[in-house]
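Peer 1: when you get a sec, could you give me coordinates for this:
(2 chains)
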2 protein chains.
Amino acid sequence: MGTTITNNPPRPAPKALASALEQLAARFGNRLITSQAVREQHGHTTTWIVNQPPDGVVMAQETADIQDVVRICAKNGVPVIPFGTGTSLEGQVNAPAGGISIDLRDMNKVLAVHAEDLDCVIQPGVTRKALNEHLRDQGLFFPIDPGADASLGGMASTRASGTNAVRYGTMRDSVLALKVVRGDGEIITTGTRAKKSSAGYDLTHLFVGAEGTLGIISELTIRLRGIPETIAAAAVSFETVHGACQAVILAIQTGIPVARIELLNAAQVKACNSYSKLTLPETPLLLMEFHGSEIEVDAQSKAFGEIAKDCGGGDFSWTTKPEDRTKLWQARHDAYWSVKALRPGDSIGVVATDVCVPISRLADCVSETEEDLKRLNLLSPIVGHVGDGNFHCSLVCDTNDAAEMARGEEFMHRLVERAQAMDGTCTGEHGIGQGKQKYLKAELGPEAIDAMRALKKALDPQNIFNPGKIVPEA
Amino acid sequence: MGTTITNNPPRPAPKALASALEQLAARFGNRLITSQAVREQHGHTTTWIVNQPPDGVVMAQETADIQDVVRICAKNGVPVIPFGTGTSLEGQVNAPAGGISIDLRDMNKVLAVHAEDLDCVIQPGVTRKALNEHLRDQGLFFPIDPGADASLGGMASTRASGTNAVRYGTMRDSVLALKVVRGDGEIITTGTRAKKSSAGYDLTHLFVGAEGTLGIISELTIRLRGIPETIAAAAVSFETVHGACQAVILAIQTGIPVARIELLNAAQVKACNSYSKLTLPETPLLLMEFHGSEIEVDAQSKAFGEIAKDCGGGDFSWTTKPEDRTKLWQARHDAYWSVKALRPGDSIGVVATDVCVPISRLADCVSETEEDLKRLNLLSPIVGHVGDGNFHCSLVCDTNDAAEMARGEEFMHRLVERAQAMDGTCTGEHGIGQGKQKYLKAELGPEAIDAMRALKKALDPQNIFNPGKIVPEA
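Peer 2: Numbers count the residues shown, from 1 in each chain, chains lettered A, B, ... in the order given. Below you'll find the model as predicted:
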């Protein structure tokens, strides 16, 4: 795969780079890795974007490691790119100007859990599954679930969210405070453990979603939740996308605190039926999860069932038994693999992209997107975090077929334009990275880009933190 | 009242100021007001801080007015201070370097309500009561309630919250997008109506809480909620602050979605009994509100009642009838006036200050604060948005008594230090303004101050937007 990225900042002078690598080798020994395979893996990206490997990878073990990498790189004008699990989708970990990737996977300690305050302090390399494993015995969980078992530092940097966001919010709502290594290696503390604060500029939320372009997150304080007493899963099919979306709008409007509400379009249901040997009606499907006490969950499910019926929904299945819940949600869990299986072949790629619109426009946006796919003769099942107006296309293309690839790019371009025309955004949860810089100006206007550029310059005057990401070229 | 504020930026040159006033008079006619009474009212502040009136007040009617004031002021290097309703508490609308106050009260239009999307677009001068009046017929409401009938522009600028924040969040959680007039008069758009986005730096939340120091908010897109089917009010007295706080911790931990949960300490209950002719036990009191369907509200109330009993709570009264709800919450509604009535006299002032701590430390923080008041022989009832760990002291002092005033300042200083030592913040919802700049460094460290100073310089290089606020002197 490969698309041309035009925002490629200049590489450091060869002498400066050599000097940085020498100093890093002296400091980190074999924790500095420069083999091609490891470098390429750290520029890994699951998009159309070509791989741009860093010049070296440092395996960080503690905050002092991050500080020293930043200091050595800053002194030599060499870029620094933070790396969590490499599951970002818009080229966030690519190294268009070379430089050093700081791999944070070994900074995976849970430093403190404050059960009474429903918060914990963690290192950036802790993954969400490891965190939930750690918390389970205390009856707590961290609700943000972007699908991949991403690192919390990466999730914060990308302002990730996922299926639970409709009830529990996104990473924006979950990060209380950060420690961030700045350009001179010193550490910025952005907040306290107080649940709310109006003490000055909101530094925390400036670094959340900054994709490592303003500094390197070395510690996070995040909010937790109590594991709900009861979890119910539910499923209902609709004849049309409009019917399904109308049910979602009514549920949100009447304040049913649904914990997850996912839309699978007909193409996605068909793919799941084929892959997971299911017999679902091949029409739009809503999958829900309700969290609460037994009484609450029962009331929520019943209320939703009535709404679904009014909106033309079919049979409403629901259950609180874990094994039946898993079965009911099978289609959603297998969605990615079912798309992969649609069209086997070494040259076949699946590109995930997302947009987000006001919920009143969701049905129109999904329907028009389906029509566009038909028009362009492209295959792309759709899955949506529909309570937030956020949906994903999984575009299946033959990377050896230049014409199809071109149609794919046209499709993604039109998808973003469609969402923006509906007062939506070019990305609900994947971030800007390299892939979506070209859409920022149309979405927010040149003044917002000016502001972003000014902020980048203010906090990273040397432009060493993940250069070439988010902010478009001047 | 009066305390010395040391961060007083230089006033503009007299000639430049005269030129700005002349141009503003030509542009705005009698909408430019320079009478002393009006100027003093626009530097109004209900703190210890001395009044510092602006040099003139412009009554803005539309965005173009804000743009022209900013352009004229920027050209002449004259400060611009946004003014909503003047209910801020830390000197946010004072004019330490003079300049022009832009009064936004006439920019009070609700521009659009999107009921299906649960959002609306408003001008900054809309007050929260006017907004809720406007929304009622559509079954919607805006939940943030800081007490005062503040303007939404001001509430966003101060990152306000209040009694409902435990369930509905703060202004941070409620603002989807802003339009902000920048230094050259052009407008920055910070977001779209999409419920979530990961499209670049979070400009929205940089301007929320910036207290008008980075630009002037000219339009807000905010999230709304459906009016709950049922509202229940409840009250229960405890023997100790620790018992009351333990009940709150358990309620939050078990996920009871309480909509309001307020603590009145014994001194506050005593004041309310006296003022409102109530017969409440003069011990710590918790007042709650539950929102939801009848079944949900019933379940929530019962669950909380059991928790309260386990934590040593007395009789648990609850009701869903509006008139009885008002009666049950009478003490809270009259809290401010009951404090005012404690000690009549022209020279008596009530100074409101707030801190916020992790909820596990709340009981300690309130108890130690009560002891400190006793030690200093000061009168200050305490009311807390206890679900957030946020509480307010209403310090009653004789402004003619220098010794008492000095003890008052000592008390407030120690209150902040106590909260910060407990990993809390110097302000949960009142902001920094002039009054709390001296506490920022102890809370976040010099690196955070550096970052804030860099951000201020990046977005307001001329330092014309509300100078002398938030960021301490270099």
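Peer 1: skipping adjacent residues, who's closest to residue A:79 in space?
Peer 2: Residue nearest to residue A:79 in three dimensions, not counting chain neighbours: residue A:99, with 2.8 Å by C-beta to C-beta, 6 or more residues apart in numbering or on different chains. Bear in mind the C-beta positions are built from the backbone N, C-alpha and C, glycine included.
Peer 1: same check, this time on residue A:365
Peer 2: residue A:357 is the one closest to residue A:365 (C-beta to C-beta, 6+ apart), at 4.9 Å.
Peer 1: wait, the one you found sits on residue A:426?
Peer 2: No - Residue A:357 is beyond contact range of residue A:426, at 10.7 Å (criterion: C-beta atoms under 8 Å).
Peer 1: shared neighbours, these two?
Peer 2: residue A:419 (C-beta atoms under 8 Å, 6 or more residues apart in numbering or on different chains).
Peer 1: okay, now the residue nearest to residue A:365: neighbour count?
Peer 2: 29 (other C-beta atoms under 10 Å in any protein chain shown).
Peer 1: which parts of the stretch 301-450 of chain A sit against chain B?
Peer 2: A:303, A:356-360, A:388-390, A:419-420, A:423-432, A:436, A:439-440, A:443-445, A:447-448, A:450 (C-beta under 8 Å from any C-beta of the partner chain).
Peer 1: coming back round to it: what's the residue nearest to residue A:79 in contact with, if anything?
Peer 2: By C-beta under 8 Å, 6+ apart, the contact list for residue A:99 reads A:12, A:54, A:55, A:73, A:78, A:79, A:80, A:81, A:464, A:467.
Peer 1: any idea how far residue A:42 is from it?
Peer 2: Counting by C-beta to C-beta, to the nearest Å, the separation of residue A:99 from residue A:42 is 11 Å.
Peer 1: same question for residue A:268.
Peer 2: Taken as C-beta to C-beta, the span from residue A:268 to residue A:42 is 32 Å.
Peer 1: go on, residue A:411?
Peer 2: Distance from residue A:411 to residue A:42, by C-beta to C-beta: 29 Å.
Peer 1: now do residue A:176
Peer 2: 29 Å.
Peer 1: ok, now residue A:406?
Peer 2: As for residue A:406, its distance to residue A:42 is 29 Å (criterion: C-beta to C-beta).
Peer 1: now do residue A:33
Peer 2: Using C-beta to C-beta, residue A:33 is found at 9 Å from residue A:42.
Peer 1: the more surrounded of these two?
Peer 2: A side-by-side neighbour count of residue A:33 and residue A:42, using other C-beta under 10 Å, places residue A:42 first with 23 against 17.
Peer 1: list the contacts of the more buried one.
Peer 2: A:53, A:54, A:57, A:81, A:83, A:86, A:93, A:95, A:101, A:103.
Peer 1: tell me, what's the model's pLDDT at it?
Peer 2: We have a pLDDT of 96 for residue A:42.
Peer 1: excluding chain neighbours, what is closest to it?
Peer 2: Nearest to residue A:42 is residue A:101, by C-beta to C-beta, 6+ apart, at 4.1 Å.
Peer 1: what's the one you found sitting at in phi/psi?
Peer 2: When read as degrees, to the nearest 10, the backbone of residue A:101 gives phi -90, psi 130.
Peer 1: what is the burial count for it?
Peer 2: Going by other C-beta under 10 Å, the residues that sit close to residue A:101 add up to 30.
Peer 1: and for residue A:90?
Peer 2: 28.
Peer 1: tell me which element it is part of?
Peer 2: Under DSSP states H and E, no helix or strand contains residue A:90.
Peer 1: for it, what are its contacts?
Peer 2: Applying C-beta under 8 Å, 6+ apart, the residues near residue A:90 are A:45, A:47, A:49, A:427, A:430, A:431, A:432, A:433, A:434, A:435, A:436.
Peer 1: which non-adjacent residue is nearest it?
Peer 2: residue A:433 is the one closest to residue A:90 (C-beta to C-beta, 6+ apart), at 3.0 Å.
Peer 1: now the one you found, what's its secondary structure?
Peer 2: coil (DSSP: H, G, I helix; E, B strand; the rest coil).
Peer 1: can you give me phi and psi for it?
Peer 2: According to degrees, to the nearest 10, residue A:433 has phi 50, psi -130.
Peer 1: can you check residue A:431 too?
Peer 2: Torsion angles, degrees, to the nearest 10, at residue A:431: phi 90, psi 180.
Peer 1: what about the closest residue to chain B within the stretch 201-350 of chain A, neighbour count?
Peer 2: Closest approach of the stretch 201-350 of chain A to chain B (C-beta to the nearest C-beta) occurs at residue A:205, with a separation of 4.1 Å. Residues lying near residue A:205 (other C-beta under 10 Å) number 25.
Peer 1: wait, it touches residue B:203, no?
Peer 2: No - if you go by C-beta under 8 Å, residue A:205 and residue B:203 don't touch, sitting 10.0 Å apart.
Peer 1: going along the chain, name the strands of the stretch 251-400 of chain A.
Peer 2: Ranges of strands in the stretch 251-400 of chain A, per DSSP state E, counting those that start in this stretch, are A:260-264, A:285-292, A:313-319, A:348-356, A:382-385, A:390-398.
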